[in-house]
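Trainee: here you go, sequence then predicted model.
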Amino acid sequence: MITTARVPADKQVRIAFSLDESPDDDAPENSFPLAFPELDQQLQPLPPCHDSKESMQVYKQHCKIAEEYHEVKKEIALLEERKKELIARLEQVEKESMDAAQLAKEYAELTEENRTLKLAQTQCVEQLEKLRIQYQKRQGSS
């Protein structure tokens, strides 16, 4: 009988099996535990027929493939996590870039406004000076 156990997804699973070429003639047919509990039932290696070398080799090959599948799934999960990190970083950089562009635009607008105000101030100072001169001329002629 094959027993199964559910393992939470966040827990690491250690899988152990022997891939040596010597068959274990003492092992009963149901002594093969569910070696890959994270695999779907239809992907689980079926226990081999101990009387058949070919069956044992197929079982060992299936176990190797299951282990490779597990490693690939683990790598995919790591790559997906890295992808999420990179997307979040890209979004942050784009946001900062937009913020910088907005600040640059605001700076250009304020610089232009400052230039305009300085020009207006200069014109007002000149106009005030002209008015003082005219006022002084009137005061002097009266």
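Mentor: That came through fine.

Trainee: where does the protein have low pLDDT?
Mentor: 1-35, 142 (pLDDT under 70).

Trainee: so who does Lys137 touch?
Mentor: Residues counted as contacts of Lys137 (CB atoms under 8 Å, 6 or more residues apart in numbering): none. Just so you know, the C-beta spots here come from the backbone N, C-alpha and C atoms, and that holds for glycine as well.

Trainee: so how far is stretch 67-75 off the chain centroid?
Mentor: With CA atoms, centre = their mean, to the nearest Å as the basis, stretch 67-75 stands 20 Å off its chain's centre.

Trainee: and what of stretch 119-133?
Mentor: Worked out by CA atoms, centre = their mean, stretch 119-133 lies 62 Å from the chain centre.

Trainee: same check, this time on stretch 42-60
Mentor: 40 Å.

Trainee: now do stretch 85-93
Mentor: For stretch 85-93, the separation from the chain centroid amounts to 7 Å (computed by CA atoms, centre = their mean).

Trainee: just stretch 62-76 next, same as before
Mentor: Distance, centroid of stretch 62-76 to centroid of chain: 23 Å (CA atoms, centre = their mean).

Trainee: okay, buried residues for that stretch please.
Mentor: Buried residues in stretch 62-76, counted by 16 or more other CB atoms under 10 Å: 62-63, 66-67.

Trainee: and of these, the nearest to Glu96?
Mentor: Glu67 (43.3 Å; CB to CB).

Trainee: what's the spacing between that closest one and Leu43?
Mentor: Going from Glu67 to Leu43 by CB to CB, to the nearest Å gives 12 Å.

Trainee: and for the two, which residues touch both?
Mentor: Listed as contacting both Glu67 and Leu43 by CB under 8 Å, 6+ apart are Phe36.

Trainee: and Ser55, how many neighbours does it have?
Mentor: The tally of other residues near Ser55 (other CB atoms under 10 Å) stands at 15.

Trainee: just checking, it touches Pro45?
Mentor: No. Under the criterion of CB atoms under 8 Å, Ser55 makes no contact with Pro45, lying 11.0 Å away.

Trainee: surely Glu38 and Glu67 touch.
Mentor: No. Taking contacts as CB under 8 Å, Glu38 lies outside contact range of Glu67: 11.2 Å.
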